[in-house]
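Q: When you get a sec, could you give me coordinates for this:
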Amino acid sequence: MKRLSRILTVFILITMICVSCTADSGIGVYLDGEKLTFDVSPQIKNGRTMVPLRGIFEAMGASVDWDNGTKTVTAVKDAQTVKMTIGSPRIYTGGSVKEMDTAPFISHGRTLVPARFVAESFGAYVYWDSANYNVLIYTNARIPEYSGSPYVVVNDNTPFFKPDDYTKAAFERYSSLDSLGRCGPAYANICTEIMPTEPRGEIGNIKPSGWHTVKYDFVDGKYLYNRCHLIGYQLAGENDNEKNLITGTRYMNVTGMLPFENEVDDYVERTNNHVLYRVTPFFTGNNLIADGVLMEAYSVEDNGKGVCFNVFCYNVQPGVVIDYKTGESHAADGSPAYSNGKVITNDTELAIHSSGAYVGNKSSKKFHLPSCTGAKNIKDKNKIYFTNCEEAVSQGYEPCGICNP
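A: Reported below is the predicted structural model:
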């Protein structure tokens with residue numbers, strides 16, 4: 001009897017271990033909208049989502065080779081080669097070496113690697129959807145280089161939503177800013193319940209990642225960048241929500257995104273129906289300026305007959321060359337850029353003027369020209385930037401008597 005009891009105990013323990021090996025962690029991994037399945041569930045380690053290496057690489061079309069002697073994995077796709085070693089934080093991509101904050105490790109006979117580093121090594125965009133516990137991976141193959149059109153249709157204009165996403169319940173979900181202050185996906189069910197009932201307020205207090213206040217004479221409205229709402233104010237009434245504002249070119253904001261926002265707005269106002277709506281900014285590596293935004297929409301009540309689109313809007317400005325890493329820019333033909341009416345002639349002047357046309361002192365409640373000695377003496381913690389005088393005055397600031405902004 002005791003022997004039978006011991007056998008039963010061992011059996012139960014083995015069963016528990018097996019279940020723990022295959023149990024669903026609840027983390028979903030989606031590649032261009034398709035959910036990937038793995039024989040070992042993804043895990044969270046050091047704040048990173050770790051996924052089975054072979055499963056993620058092969059899903060992206062790469063061939064995989066394992067060197068058991070050195071515990072090294074080599075993946076090849078087209079002309080790109082990626083190498084990683086178990087226990088080492090280094091990832092070799094082509095001729096460069098990068099440091100991952102979490103090293104690959106073996107779990108239940110499978111090599112787990114950081115999803116973001118692996119996908120980005122092959123040029124994909126990766127986002128963590130904290131609201132749904134999903135990793136969203138989008139490959140470059142679906143998004144061609146900008147060629148003159150403000151947007152391009154993605155996935156045959158079919159959104160990447162899942163059938164169980166469709167709901168008539170109102171909601172809004174905004175991703176937390178990452179360590180670089182960048183926005184993630186903004187997701188909502190657009191309906192009259194969440195639409196604004198009052199005019200939009202000031203948003204000049206928000207400085208999205210990569211923000212520069214710079215003007216070009218040939219840009220509509222002159223300002224190169226807008227504080228661009230991911231989910232337009234007209235759709236959800238979000239005013240100065242930093243999780244919903246990115247640095248977007250005038251061209252992307254007005255020519256690219258606005259027509260699609262108007263389409264959704266007009267439809268909801270006309271039908272009182274719901275439109276599932278998601279806007280995802282795509283950043284390359286550690287760039288502070290997004291390459292563009294993926295806009296998805298689907299009208300719920302009529303199964304997409306009223307509104308259905310999946311487009312990528314390019315964050316470009318014709319005639320302007322943008323450094324997406326920093327947000328700095330210059331005219332393609334050498335035309336001058338302006339900040340506060342002053343011609344910007346070099347990177348040093350750009351750095352002085354790019355944060356805002358005017359610098360305010362939170363302590364004295366005075367605002368100055370960036371070149372004013374009073375502005376240069378303001379402690380960083382007391383600095384606030386304004387795009388124009390009206391914005392400064394509306395927030396209770398008075399002009400400096402020395403520089404007379």
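
Q: Distance of residue 332 relative to residue 249?
A: In this structure, residue 332 and residue 249 are 14 Å apart, going by Cβ to Cβ, to the nearest Å. C-beta: built from backbone N, CA, C; applies to glycine.

Q: Spit out the residues that contact those two alike.
A: Jointly contacting residue 332 and residue 249 under the rule Cβ atoms under 8 Å, 6 or more residues apart in numbering are residue 320.

Q: And these two? Which one has more around it.
A: residue 249 (28 against 11; other Cβ atoms under 10 Å).

Q: from the middle of its chain, how far away would the strand or helix carrying residue 264 be?
A: Taking DSSP states H and E as the criterion, the element that holds residue 264 is helix 258-271. Distance of helix 258-271 from the chain centroid (Cα atoms, centre = their mean, to the nearest Å) equals 24 Å.

Q: Helices of the protein, start to end?
A: 2-22, 53-59, 115-121, 233-236, 250, 258-271, 347-353, 373-376, 389-394 (DSSP state H).

Q: other SSEs contacting the helix holding residue 264?
A: When contacts are defined as 3 or more Cβ pairs under 8 Å, 6 or more residues apart in numbering; DSSP states H and E, helix 258-271 packs onto helix 233-236, strand 275-282, strand 292-299, strand 308-314.

Q: need these in TSV with distance to residue 323, mean pLDDT and mean neighbour count, can you?
A: Putting the helices and strands packed on helix 258-271 into TSV (distance: least, Cβ to Cβ, whole Å; pLDDT from 0 to 100; neighbours: other Cβ atoms under 10 Å) gives the following:
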stretch	distance to residue 323	mean pLDDT	mean neighbour count
helix 233-236	28	95	21
strand 275-282	17	95	24
strand 292-299	16	96	24
strand 308-314	16	96	22
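
Q: in the stretch 201-350 of the chain, which ranges drop under the pLDDT threshold?
A: 338-350 (pLDDT under 70).

Q: Surely residue 314 and residue 290 touch.
A: No: assessed by Cβ atoms under 8 Å, residue 314 is found out of contact with residue 290, at 9.9 Å.

Q: Contacts made by stretch 48-65 with the rest, please.
A: Counting by Cβ under 8 Å, 6+ apart, 27, 29, 31, 36-40, 42-44, 73-77, 82, 84, 101-102, 104-105, 107, 110-116, 118-119, 122, 124, 128, 135, 137, 139 sit against stretch 48-65.

Q: excluding its backbone neighbours, what's nearest residue 28?
A: residue 134 (4.1 Å; Cβ to Cβ, 6 or more residues apart in numbering).

Q: Can you tell me how far that neighbour is from residue 127?
A: Distance from residue 134 to residue 127, by Cβ to Cβ: 9 Å.

Q: now the strands for the stretch 151-300 of the chain?
A: 151-153, 172-174, 186-190, 225-229, 245-249, 275-282, 292-299 (DSSP state E, counting those that start in this stretch).

Q: What strands flank the first one, and is each parallel or antiparallel?
A: When you say that, I think you mean strand 151-153. Strand pairing for strand 151-153, determined by DSSP bridges: strand 308-314 (antiparallel).

Q: could you give the angle of the partner strand to strand 245-249?
A: Interaxial angle of strand 308-314 relative to strand 245-249 (axes from the mean of the first three to the mean of the last three Cα atoms, to 10 degrees): 70 degrees.

Q: Centre of the chain to strand 308-314, how far?
A: Worked out by Cα atoms, centre = their mean, strand 308-314 lies 15 Å from the chain centre.

Q: what residues does it touch?
A: 142-143, 146, 149-160, 252, 256-257, 260, 263, 282, 291-299.

Q: Swap in 6 Å and give it another go.
A: 143, 146, 151-155, 157-159, 252, 256-257, 292-298 (Cβ atoms under 6 Å, 6 or more residues apart in numbering).

Q: can you count the residues close to residue 390?
A: Residue 390 has 11 neighbouring residues, counting by other Cβ under 10 Å.
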